[in-house]
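In: need a 3D model of the following:
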Amino acid sequence: MGTVVVGYVPKPEGEAALTAAIAEARLRSSTLVVVNSHRGGESFDAEKSAKSDAEMDAVKQKLEGSGVDFEIRQLVRGFEPAEDLIGLAESMDAELIVIGLRRRTPVGKLILGSNAQRILLDARCPVLAVKPD
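Out: Residues are numbered from 1 along each chain as shown. Model (predicted):
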């Protein structure tokens with residue numbers, strides 16, 4: 001059985017990625033690994049941790065009704081989300097990574113960088129990028 005890895009954020013692009021990843025995991029009869037990555041540090045306090053836990057509980061409920069085998073990984077390790085997704089996909093020999101995209105201005109891309117771009121360029125497996133409706 002293979003593995004599909006999805007990067008999840010509690011935003012429309014994260015929901016689109018989760019929906020697409022569930023469909024891909026069903027199609028491939030694969031295990032779905034949902035990754036929610038936070039940089040951590042002082043800004044990730046108890047309040048943000050509790051909020052993140054509640055958001056991931058909602059994801060778990062959605063997955064329990066999906067009919068796919070799944071794991072949820074909440075990572076707070078100080079890495080960029082792209083590093084977490086690529087590293088986890090490589091360690092699990094994933095057959096696919098699913099990410100959500102959002103529109104960004106050219107200046108926003110220049111100043112902030114792009115996790116999506118890094119995943120698309122550096123992942124060793126295929127990457128499915130989806131946009132919210």
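In: which residues does Arg28 contact?
Out: Arg28 makes contact with Gly2, Val4, Glu95, Leu96 under the criterion C-beta atoms under 8 Å, 6 or more residues apart in numbering. Every C-beta, even on glycine, is put in place using the N, C-alpha and C of the backbone.
In: make that Val4, sorry
Out: Val4 neighbours (C-beta under 8 Å, 6+ apart): 21, 24-25, 28, 30-33, 94-98.
In: circling back: the contacts of Arg28 in strands, which ones?
Out: Val4, Leu96 (DSSP state E).
In: among the contacts of Arg28, which ones are buried?
Out: Val4, Glu95, Leu96 (16 or more other C-beta atoms under 10 Å).
In: torsion angles phi and psi at the nearest residue to the second one once chain neighbours are set aside?
Out: So that's Glu95. In space, and not counting its chain neighbours, Glu95 is closest to Gly2: 4.2 Å by C-beta to C-beta, 6 or more residues apart in numbering. Note on Gly2: its backbone torsions stand at phi -90, psi -170 [degrees, to the nearest 10].
In: do you know how far Gly2 is from Ala25?
Out: 9 Å (C-beta to C-beta, to the nearest Å).
In: pull the number of nearby residues for Leu88.
Out: Leu88 has 19 neighbouring residues, counting by other C-beta atoms under 10 Å.
In: do the same with Leu121
Out: Residues near Leu121, counting by other C-beta under 10 Å, number 11.
In: one step back: can you put the contacts of Arg28 in TSV and add distance to Ser66?
Out: Compiled in TSV, the contacts of Arg28 are given as follows (distance: C-beta to C-beta, whole Å):
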residue	distance to Ser66
Gly2	16
Val4	12
Glu95	18
Leu96	16
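In: on the pLDDT front, check Ile111 for me.
Out: pLDDT, Ile111: 51.
In: actually Ala54, not the one I typed
Out: Here the pLDDT value assigned to Ala54 is 84.
In: now it: which helix or strand?
Out: In the assignment (DSSP states H and E), Ala54 maps to helix 46-64.
In: okay, stretch 63-71 in PDB with CA atoms only?
Out: Extracted as PDB, the C-alpha positions of stretch 63-71 are listed here (Å, rounded to 0.1, in the frame of the first residue of the first chain):
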ATOM      1  CA  LEU A  63     -11.200  11.700   7.500                       C
ATOM      2  CA  GLU A  64     -13.100   9.100   9.600                       C
ATOM      3  CA  GLY A  65     -16.000   9.400   7.300                       C
ATOM      4  CA  SER A  66     -13.900   9.200   4.100                       C
ATOM      5  CA  GLY A  67     -13.200   5.500   4.000                       C
ATOM      6  CA  VAL A  68      -9.400   6.000   3.700                       C
ATOM      7  CA  ASP A  69      -6.700   4.900   6.100                       C
ATOM      8  CA  PHE A  70      -5.000   8.000   7.500                       C
ATOM      9  CA  GLU A  71      -2.500   9.500   9.800                       C
END
